[in-house]
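Novice: below: sequence and its predicted model.
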Amino acid sequence: MRLFFAFVAFAALLGAASCNDSSHDIAHDDAAATIASETGVAAPLPDDVLYSSKALISGKLYARPSFDGTVLAHFDTLQQLHIIDTTGGIFVKARLLHNSSAKIGYVPKAILPERQP
C-alpha cells in the first residue's frame, strides 16, 4: 500500500512539474550564454538591441544626445556597446555594462565602426 501511495505522489509531482510554463527564464539565458562562450558562437542579444559593437576609440556615454550633456561613463575599445536606436543624426542610443551595472545613454556615431548591411 505504501508503494502505491509513493507512486501516486511521484506521479502528482511529475505532473505538476510538467505544467510549469517558464520557457524563458534566467537559467535558460545563462545556459545559452555559457554554450555560446564555450563554442565561440556569439551570445544572443536582448530583444531591444539592434546590434553589438566595440568603439574604434575610447569615448564617453552621454546622458542626452549632445556633447554638452552629462557624462554617464567612460569606455574604451575593449568594452562592448549594445546599440538600441540609430535614428539620431549624430548620436546613437546605446547600453554599456559598466561596473556591473547597465547604463543607457548616447554615443557619437563617428567613433563606431561602419556597420555592414
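Specialist: All right, it came through fine.
Novice: can you tell me how far A73 sits from P44?
Specialist: For A73, the distance to P44 (CB to CB, to the nearest Å) stands at 24 Å. All C-beta spots, glycine's among them, are computed from the backbone N, C-alpha and C.
Novice: my bad, Q79
Specialist: Q79 is 19 Å from P44, by CB to CB.
Novice: compare these two (neighbour count), which wins?
Specialist: Q79 (16 against 12; other CB atoms under 10 Å).
Novice: list the contacts for the more buried one?
Specialist: K54, A55, L96, L97, H98 (CB atoms under 8 Å, 6 or more residues apart in numbering).
Novice: so where's this protein uncertain?
Specialist: 4-37, 42-43, 116-117 (pLDDT under 70).
Novice: can you give me the helices in it?
Specialist: 2-18, 26-39 (DSSP state H).
Novice: can you list the buried residues in stretch 100-110?
Specialist: G105, Y106, V107, P108 (16 or more other CB atoms under 10 Å).
Novice: which residues does the residue nearest to R115 when sequence neighbours are not counted form beta bridges with?
Specialist: Leaving aside its chain neighbours, R115 sits nearest to Y51 (6.5 Å; criterion: CB to CB, 6 or more residues apart in numbering). Taking DSSP bridges as the rule, Y51 bridges to I83.
Novice: circling back: which of the buried residues of stretch 100-110 fall in strands?
Specialist: Among the buried residues of stretch 100-110, the members falling in strands (DSSP state E) are G105, Y106, V107, P108.
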